[in-house]
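> Show me how the following folds:
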Amino acid sequence: MKIHFIKEYLLNAALEKAGLKEINAPYADAKFLANRMAEHLGEAGRISDRTLVRCFEDKEKWTDTWGYLAAFVLDKGTDFQALKPNDKDGRNFLLRTYLETYKAELAQKIIAENQLNTTLNTADSENSTTATTAPRRTFLKNGLYTGIGTVLGASLFAGYQFLLKKPALPPMNMLVNTHPGNELFWQYLQKWANLLRENSGGRINVTPRNLEPEEKERKESLLQRLILGEDFSQRSFDLYCSVNYHDQSDNSSLNFYGSIPFGMTSQEFNAWYLHEGEQLLHGLKGAYKIYLFGNSGQQMGGWFLKSVEEVADLENMNIRMHGLGANVLQRSANNLTVFRTFHDADGFVQKIKKEQGNPAQYAIEYMNAHTDQLLDYPKLLDKLTKAGLPHQDLFLYEKGWHERGSIWTIKMNRNIYALLKVNKELLNIFEYTTKEINHQIIQAFETSGREALRNLKLQQANLPFQIKKFNRTLGNHFLQKTKQVLNEKYNGHKIYQSYADFHKNWSGIDLQNGRILDAHVWEELFEL
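Model prediction:
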């Protein structure tokens, strides 16, 4: 009987006896199983959590470890505990005995199941009026099962059944750090999950869910819990999806795989990623595996309730912005406050009212024209009036300099990735499906954002707001502050150097020296 086949049955039997239906959080589940085994076998029979995780991953060699599992499954605790602590030879003898006993019982069980299958197949053939027209594949499979089991014995039958069996991953939960109004992204999340299930024949099952309120308040610890396989109220999650700046420190090199002020567009990022960015990402020895999962494209400059023509206009303002762009803004003007809490139009108006602020001193940016419309930002003036804060001016600044491409990623618990790597077929299915949806998300956001902005411009004369760009003087001010921020945080970092060199050659934006060498880029981003 093949070793891997026995391991699978033995581990499943141990999990079932311990009361675990499946492995969701490997280290937590290993600790739970180790405690259950110690209760039956005594402390001398305790196995380390790491050893059990290696059993979960099918990396533990055929050692006494599996004898301990067999002793637990066969409920041999009394015999085991009767041994003297220093009786190593006696313990090893019992472990080998328990393992052989388990093998024998397993062989008898398979023979019995095979005989039952043979009986059922015979009955089906006798009772079916269409037996002679049954598909040849079904006939051959049933005949081969019966022939191998009867003629060649249980060992070869079990080996053949093992070869036919397609291992599945444990069901996986994925936390998604996004906001209301991002229905387009959720549409592709569900499509991705459905494709994974379909392409793998049901062996890869991922359930995405949004962050709950308490998780949003404490999301700084999300990645640590992902590493440990822990979650609120013991709800396990194995994958985490977000833009990296939501969860990383401002000094994290992963920001280059999220968003950088005056950084790359989605097309340019993809070119750099294939050139060197992917290799550099793989070189980061983090506790999770990272996959690209779309790019929401260039974000808008934001919705301002007054015109911003010079640095002085930014003073004393309260602006919603995330990431390194927020760092740049804070250095750009005196007494400028950045807030990161997400609001739709109604929530934004209520924030202004609650703080008893002057609407002209508030601004908010989120994503692109398509999503901004879903969140009712174009109706800000009407909503302010209804809230008792009548205001006259509203400006949509397009071509946001702070995020010229916002990259979404999936972070996978390394323990899950280790399970995935064991099965090359499932790994390929996961990675190719994720790459396909990654490209589809990019195209969907580029298309929807461009179309929505174009339609708004066509209606400009009838809109209650004006669409414009920041002027070039203000743009250069932002660029110089960006140079300071990036050089302070990343000077000498190999990812920054690679990113900056490629960016300068591709688009003419020299991040390290604060220059834009291509006049067309100036024209695209800023007005004179």
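
> Correct me if wrong, but residue 174 is in a helix.
No: judged by DSSP: H, G, I helix; E, B strand; the rest coil, residue 174 forms no part of a helix; its state is strand.

> For it, give the beta-bridge partners.
Assessed by DSSP bridges, residue 174 has beta-bridge partners residue 208, residue 239.

> Low-confidence stretches in the chain?
1-5, 85, 111-166, 213-222, 224-225, 227-236, 248-250 (pLDDT under 70).

> Look up how far residue 23 lies from residue 52.
10 Å (Cβ to Cβ, to the nearest Å). Quick note: C-beta positions are derived from backbone N, CA and C, even for glycine.

> again, but for residue 289
Noted for residue 289: a distance of 18 Å to residue 23, by Cβ to Cβ.

> which of those two has more neighbours?
Taking residue 289 and residue 23 together and counting by other Cβ atoms under 10 Å, residue 23 has the greater number of neighbours (24 against 18).

> host element of that one?
For residue 23, there is no enclosing helix or strand under DSSP states H and E.

> Name all residues that make contact with it.
Contact analysis of residue 23 by Cβ atoms under 8 Å, 6 or more residues apart in numbering lists 15, 29, 56, 170.

> what about 6 Å?
Going by Cβ atoms under 6 Å, 6 or more residues apart in numbering, residue 23 touches 29, 56, 170.

> Pick the one among those closest to residue 92.
Set against residue 92, the nearest of the contacts of residue 23 by Cβ to Cβ is residue 56 (23.9 Å).

> so how far is residue 285 from the closest one?
If you measure residue 56 against residue 285 using Cβ to Cβ, the figure is 22 Å.

> same thing with residue 343?
Residue 343 is 38 Å from residue 285, by Cβ to Cβ.

> Looking at these two, which one has more neighbours?
Neighbours were tallied for residue 343 and for residue 285 using other Cβ under 10 Å; the higher tally belongs to residue 343 (19 against 5).

> Not counting its neighbours along the chain, what's nearest that one?
Leaving out its chain neighbours, the residue that sits closest to residue 343 by Cβ to Cβ, 6 or more residues apart in numbering is residue 351, at 6.0 Å.

> count of neighbours near the one you found?
For residue 351, the count of nearby residues is 17 (other Cβ under 10 Å).

> How about the secondary structure of it?
Following three-state DSSP, the label given to residue 351 is helix.

> For the one residue sitting closest to the centre of the chain, grab phi and psi.
Note on the chain: the residue nearest the mean C-alpha position is residue 410, at 2.6 Å, using Cα atoms, centre = their mean. Torsion angles at residue 410 (phi, psi; degrees, to the nearest 10) stand at phi -110, psi 130.

> what's across from it in the sheet?
When assigned by DSSP bridges, residue 410 has beta-bridge partners residue 241, residue 291.

> so what's it up against?
Shown in contact with residue 410 (Cβ under 6 Å, 6+ apart): 239, 241, 291, 293.

> Output those in CSV; the columns should cover neighbour count.
Formatted as CSV, those follow (neighbours: other Cβ atoms under 10 Å):
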residue, neighbour count
239, 22
241, 20
291, 18
293, 25
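
> would CSV of those residues with distance to residue 419 be doable?
Shown next, in CSV, are those (distance: Cβ to Cβ, whole Å):
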residue, distance to residue 419
239, 13
241, 19
291, 15
293, 20
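
> Among these, which one sits closest to residue 427?
Comparing the contacts of residue 410 against residue 427 with Cβ to Cβ places residue 291 closest, at 11.5 Å.

> Next one: that closest one relative to residue 321, how far apart?
Computed as Cβ to Cβ, the residue 291 to residue 321 distance reads 26 Å.

> and if you look at residue 518?
In terms of Cβ to Cβ, residue 518 sits 26 Å off from residue 321.

> So for those two, which sits in the more crowded spot?
Higher neighbour count among residue 518 and residue 321: residue 321, with 23 against 14, using other Cβ under 10 Å.

> Contact partners for the more buried one?
Contact analysis of residue 321 by Cβ under 6 Å, 6+ apart lists 329, 338, 365.

> What about the residues you listed, which are in strands?
Those of the contacts of residue 321 mapping onto strands are residue 338, per DSSP state E.

> Let's see if you can find the most crowded of the contacts of residue 321.
Neighbour max across these (other Cβ under 10 Å) = residue 365, 23 neighbours.

> Regarding the nearest residue to it once chain neighbours are set aside, what are the backbone dihedral angles?
Closest residue to residue 365 apart from its sequence neighbours, by Cβ to Cβ, 6+ apart: residue 302 at 3.3 Å. Dihedral angles of residue 302 (phi, psi; degrees, to the nearest 10) stand at phi 130, psi 170.

> Residue 302: how many residues sit nearby?
Neighbours around residue 302, by other Cβ under 10 Å: 22.

> what's the answer for the one 10 residues further on, then?
A count of nearby residues for residue 312, using other Cβ under 10 Å, gives 10.

> Against residue 501, how distant is it?
Look at residue 312 and residue 501: by Cβ to Cβ, they are 35 Å apart.

> try residue 368
For residue 368, the distance to residue 501 - Cβ to Cβ - is 29 Å.

> more neighbours, those two?
Each of residue 368 and residue 501 has its neighbours counted (other Cβ under 10 Å); residue 368 has more, 23 against 15.

> which residues sit in contact with the more buried one?
By Cβ under 6 Å, 6+ apart, the contact set of residue 368 is 297, 449.

> How far does stretch 45-63 sit from its chain's centre?
Here stretch 45-63 shows a centroid-to-chain-centroid distance of 27 Å under the convention Cα atoms, centre = their mean, to the nearest Å.

> For residue 293, grab phi and psi.
When read as degrees, to the nearest 10, the backbone of residue 293 gives phi -140, psi 60.
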